[in-house]
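Enquirer: Need a 3D model of the following:
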Amino acid sequence: MTDHTPAELGRRLGSGLLSFPVTHFRAEDRSFDEDAYRTNITRLGKYDVAGLFAAGGTGEFFSLTPAEVARVVTAAVDSAPAGTPIIAPAGYGTATAVEFAKAAERAGAHGLLLFPPYLTEASQDGLAAHVEAVCRATGLGVIVYSRSNAVYAPDTVARLTERCPHLIGFKDGVGDIDPLTRLYALVGERLTYIGGLPTAETYALPLLEVGMTTYSSALFNFLPEFALDFYAAVRDRRRTDVLRMLHDFVLPYTRIRDRKPGYAVSIVKAGMQITGHPAGPVRPPLTDLEPAELAQLTALIRGIGG
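Expert: Okay, here's the model as predicted:
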């Protein structure tokens with residue numbers, strides 16, 4: 001995989017389901033449990049997954065120190081089966097994002113997911129400069145994550161594709177069909193389009209029609225077979241099967257997820273615990289599921305044979 005160009009990486013990521021593994025923490029002090037993390041990466045990499053995003057949003061990037069991010073990315077690169085792309089995170093201010101990009105390259109990552117700048121609002125010109133600075137700092141393929149305080153307008157992304165040859169992907173965390181349609185009309189298959197809303201399965205079928213051939217599946221962490229079956233149904237446009245799986249599991253799951261802010265990550269770690277792959281607690285400012293919610297999730301998972 002290391003010999004592949006950024007463009008080839010983009011095509012690979014767009015060809016299948018993407019996994020965003022959790023980051024394992026020890027229960028006693030919430031320190032990084034590297035051995036457990038490595039074991040889990042090896043487990044997930046055995047499935048037909050198009051790429052693993054180390055220390056992403058589901059991996060609690062926001063709660064990790066730069067040194068911990070480097071350890072997580074290195075562990076993922078070392079533990080994934082040969083040929084599995086590992087995408088590392090970069091974020092916060094531009095200078096810090098550049099440092100993350102350089103560290104990812106040193107660790108052997110195959111690409112970058114560029115998170116929104118920390119806290120501040122920015123103009124489209126400022127966001128473009130942010131992306132360009134990171135692209136100049138690395139030879140890795142870069143995916144921009146459009147959400148929160150960094151929602152990239154279609155014209156901005158189109159200009160960036162001209163200025164940044166190894167900008168390979170656009171991850172959407174907004175879900176607005178109109179700008180996505182405009183972006184695809186402007187750029188076409190120059191980019192790989194990734195669904196990045198919480199529990200992205202909910203939006204997968206309609207967003208496929210605007211060129212979004214893949215998405216980040218949090219469910220893959222603890223129900224990999226179900227997640228792959230769902231993805232196959234989406235790509236085959238088997239609407240009846242998609243709606244059945246939404247009804248039976250995904251939508252009830254999202255009702256538990258929506259109980260508290262931050263549960264989009266917490267519920268994944270709870271699912272890991274229930275299915276026999278414990279990953280420890282979440283770190284503050286996130287909170288773990290309450291016992292009653294954990295019981296509801298357990299019943300839901302067992303209801304589909306998980």
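
Enquirer: how about the helices of the stretch 151-300 of the chain, start to end?
Expert: 154-163, 177-187, 204-208, 224-235, 239-245, 251-257, 263-274, 291-303 (DSSP state H, counting those that start in this stretch).

Enquirer: so which of those helices is the most packed in?
Expert: Greatest average neighbour count among the helices of the stretch 151-300 of the chain goes to helix 263-274 (a mean of 23), per mean count of other CB atoms under 10 Å. The C-beta positions use only the backbone N, C-alpha and C, and glycine is treated the same way.

Enquirer: Check which helices and strands it sits against.
Expert: With contacts defined as 3 or more CB pairs under 8 Å, 6 or more residues apart in numbering; DSSP states H and E, helix 263-274 has these neighbours: helix 251-257, helix 291-303.

Enquirer: Adding distance to residue 87 and mean pLDDT, write those out as CSV.
Expert: Formatted as CSV, the helices and strands packed on helix 263-274 follow (distance: least, CB to CB, whole Å; pLDDT from 0 to 100):
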stretch, distance to residue 87, mean pLDDT
helix 251-257, 23, 98
helix 291-303, 27, 98
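
Enquirer: quick one: which of those helices is nearest residue 37?
Expert: helix 291-303 (22.0 Å; CB to CB).

Enquirer: how distant is the closest one from the center of its chain?
Expert: 24 Å (CA atoms, centre = their mean, to the nearest Å).

Enquirer: Please apply the same query to stretch 174-193.
Expert: Mean C-alpha position of stretch 174-193 versus that of the full chain (CA atoms, centre = their mean) differs by 18 Å.

Enquirer: now stretch 36-47
Expert: Counting by CA atoms, centre = their mean, stretch 36-47 comes out at 16 Å from the chain centroid.

Enquirer: closest one to residue 198 among the helices of the stretch 151-300 of the chain?
Expert: Minimum separation from residue 198 across the helices of the stretch 151-300 of the chain (CB to CB) falls at helix 263-274, 4.1 Å.

Enquirer: and the angle from the closest one to helix 291-303?
Expert: Inter-element angle recorded for helix 263-274 and helix 291-303: 60 degrees (by axes from the mean of the first three to the mean of the last three CA atoms, to 10 degrees).

Enquirer: And the average pLDDT for helix 263-274 is what?
Expert: Summarised as a single mean, pLDDT over helix 263-274 is 98.

Enquirer: contacts for that helix?
Expert: 22, 57-58, 60, 198-199, 218-219, 221-223, 253, 256-257, 260, 278-282, 286-289, 293-294, 297-298, 301, 306 (CB atoms under 8 Å, 6 or more residues apart in numbering).

Enquirer: give me the low-pLDDT residue ranges for the chain?
Expert: For the chain, applying pLDDT under 70 flags the ranges 1-3.

Enquirer: tell me the strands in it, going along the chain?
Expert: Under the criterion DSSP state E, the chain contains strands at 18-19, 51-53, 86-90, 111-114, 141-146, 167-172, 192-195, 214-217.

Enquirer: possible to save those as CSV with distance to residue 245 and mean neighbour count?
Expert: Formatted as CSV, the strands of the chain follow (distance: least, CB to CB, whole Å; neighbours: other CB atoms under 10 Å):
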stretch, distance to residue 245, mean neighbour count
strand 18-19, 18, 26
strand 51-53, 23, 27
strand 86-90, 26, 27
strand 111-114, 26, 27
strand 141-146, 26, 26
strand 167-172, 22, 26
strand 192-195, 16, 25
strand 214-217, 12, 25
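
Enquirer: Now render those strands as TSV, adding distance to residue 133.
Expert: Shown next, in TSV, are the strands of the chain (distance: least, CB to CB, whole Å):
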stretch	distance to residue 133
strand 18-19	25
strand 51-53	21
strand 86-90	10
strand 111-114	10
strand 141-146	11
strand 167-172	12
strand 192-195	22
strand 214-217	24
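
Enquirer: Residue 123 is nearest to which of those strands?
Expert: strand 141-146 (14.7 Å).

Enquirer: neighbouring contacts of that closest one?
Expert: Here strand 141-146 makes contact (CB under 8 Å, 6+ apart) with 6-7, 9-10, 13, 87, 101, 110-116, 131, 134-135, 150, 152, 157, 160, 164, 166-174, 192, 194, 196.
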